[in-house]
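Visitor: Sequence below, structure please.
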Amino acid sequence: MNLLRGIRRLLRLLGHVLVGLAVLALLFPRRDAMGRQWHIQRWSAGLLRCLGVELNVRQQAAVPPACLVVCNHVSWLDIACVHAALPQARFVSKADVRHWPLLGWMVAAAGTLFIEREKKRDALRVVHHCAEALKRGDTVAVFPEGTTGAGPELLPFHANLLQAAVSVDAPLQPLALRFHTARERFATEAQFIGDTTLLQSLWRVASAQGLRAELTLLPSIDTQAMDRRALAEMARERIQASLFA
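Guide: Numbers count the residues shown, from 1 in each chain. Next up is the predicted model:
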């Protein structure tokens, strides 16, 4: 049963990706910002449906414009979950995502900023670009853990990229993301950790039964006169608490 479920979903996903590529190549260049966001939101929600992932968005407060979004990092699915709720978000992602088959080109076309995390100078470049984007009124999203975690216990938040919000007094918007099933509060099928490859993770998600994602939009944080490290710890504590609320 799991085999048939996984094959059926992967075939649907392949068709969905091909449609997305066509939209990016043919329609994106002729759309304004709002039009592109509509396509991003629709495609992201569709990707989750193809894989059988049910998304529930809980919004505790209004999301301010031109904010820096911070979210805990569990899976390659995280970007689709956030874009299904906040299609205006431009992600900062590690550079190797750019080289993923098909998906790498798609996330780049959606306005993703890529960072070489091993290079301190590159981090400074990305902070500058993020600050400029926030000043223009864009919404920028980062995963401050820097890598994926198992889910229940968050990794330490790196504060470097949060400096972009501090430097231009942009609000910080924390998001808490949890994948779960009827059996597990933190679904192991969604984990993308250790030596797990993208293909292995894709199959686990596609063949999973009853996989759900809960995305909680927490109240924003005023960054004016804040220290970036204190800001990172505050955001981490709020997201961690929300995962068990």
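
Visitor: three-state assignment of the residue nearest to residue 143 when sequence neighbours are not counted?
Guide: Counting by Cβ to Cβ, 6 or more residues apart in numbering, residue 143 lies nearest to residue 73, which is 3.9 Å off, once chain neighbours are set aside. Using the backbone N, CA and C atoms, a C-beta is placed for each residue, glycine as well. For residue 73, the reduced secondary structure class is coil; criterion used: DSSP: H, G, I helix; E, B strand; the rest coil.

Visitor: With residue 88 as the reference, measure out to residue 73.
Guide: 20 Å (Cβ to Cβ, to the nearest Å).

Visitor: Would you enumerate the residues in contact with the residue nearest to residue 143?
Guide: With contact set as Cβ atoms under 8 Å, 6 or more residues apart in numbering, residue 73 has these partners: 143, 145, 146, 147, 148, 149.

Visitor: can you give me the helices in this protein?
Guide: 2-26, 33-50, 78-85, 103-109, 120-135, 163-168, 198-207, 228-243 (DSSP state H).

Visitor: Identify each buried residue in the second one, please.
Guide: For helix 33-50, the buried set under the neighbour-count rule, 16 or more other Cβ atoms under 10 Å, comprises 36-37, 39-41, 43-50.

Visitor: next one: the longest one
Guide: Residues of helix 2-26 classed as buried under the neighbour-count rule (16+ other Cβ under 10 Å) are 6, 9, 10, 12, 13, 16, 17, 20, 23, 24.

Visitor: who touches the residue nearest to the spatial centre of the chain in this structure?
Guide: Nearest residue to the geometric centre of the chain (Cα atoms, centre = their mean): residue 79, 2.9 Å. With contact taken as Cβ under 8 Å, 6+ apart, residue 79 is in contact with 44, 91, 93, 107.

Visitor: now do residue 206
Guide: By Cβ under 8 Å, 6+ apart, the residues touching residue 206 are 5, 6, 9, 10, 13, 51, 52.

Visitor: Assess the claim that residue 109 and residue 27 are in contact.
Guide: No - the pair formed by residue 109 and residue 27 falls short of the contact definition of Cβ atoms under 8 Å, at 11.2 Å.

Visitor: overlap in contacts of these two?
Guide: Counting by Cβ under 8 Å, 6+ apart, residue 109 and residue 27 have no shared contacts at all.
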